[in-house]
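S.K.: got a sequence here, can you model it:
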Amino acid sequence: FITAKSDSARLRMFNMSVLITDDFMEAVKADGPWELQFDGKIYHTVQARDLWNKIMQATYEFAEPGVIFIDRINKANNLSYIENICATNPCGEQPLPPYGACLLGSINMARLVSNPFEANAELDQAAMQELVSTAVRMMDNVVDVSKFPLEAQEAEAKAKRRIGLGVTGLADALLMLGLEYGSDDAARQTDRWLH
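M.R.: Numbers count the residues shown, from 1 in each chain. Have a look, this model is predicted:
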């Protein structure tokens, strides 16, 4: 599983991740053994640190598998009183319980810049605020009208209404205002916009 993505012809459209528990990390720190088990049956015992190093090497070389610190996510989950996180969406932005679903969208910040590359270039923050409000309302409506493959998915989506609104075009918007992406000025401007 760990090296499955090393063959570029296999599993090309899949994101793969491993759930890392606190117990596993303790075994890594102690350089102790780790039992590979499924459904209560132990299939093999390996050195935890060797397994961790293999995961890290594959992540470095192929950007897969992703690593999800599942115990930490569950401890930080503000809905832990009614759910147990067991996975994330394919790109890892949203931790999910069984049958969980999330709806993700983004605002193109570059489209909100007027007079790009000019001395009077600016991002229309009032338009951004209105766009964000509209997008959140629209995404919430999408949850209501979506067709889910399973009833359990629909119930989970409608009960918790997980949506995520991000941004795209940030580097372009900053450049249009004469700010170098990654600079201190750009970071301060980004903080003001996203506030």
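
S.K.: quickly run through the sheet partners of the least confident helix or strand in the chain by mean pLDDT, with directions.
M.R.: Ranked by mean pLDDT, DSSP states H and E, the weakest helix or strand in the chain is strand 87-88, scoring a mean of 88. Partners of strand 87-88 in the sheet, by DSSP bridges, are strand 95-96 (antiparallel).

S.K.: give me the buried positions along stretch 17-26.
M.R.: Ser17, Val18, Leu19, Ile20, Phe24 (16 or more other C-beta atoms under 10 Å). For every residue, glycine as well, the C-beta is placed using N, CA and C.

S.K.: let me have the residues you listed in JSON lines, extended by secondary structure.
M.R.: Shown next, in JSON lines, are these (DSSP: H, G, I helix; E, B strand; the rest coil):
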{"residue": "Ser17", "secondary structure": "strand"}
{"residue": "Val18", "secondary structure": "strand"}
{"residue": "Leu19", "secondary structure": "strand"}
{"residue": "Ile20", "secondary structure": "strand"}
{"residue": "Phe24", "secondary structure": "helix"}
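
S.K.: in these, find the pair that's most separated.
M.R.: Ser17 and Phe24 (13.9 Å; C-beta to C-beta).

S.K.: can you give me the distance of Val136 to Leu103?
M.R.: Look at Val136 and Leu103: by C-beta to C-beta, to the nearest Å, they are 11 Å apart.

S.K.: likewise Asn74?
M.R.: 22 Å.
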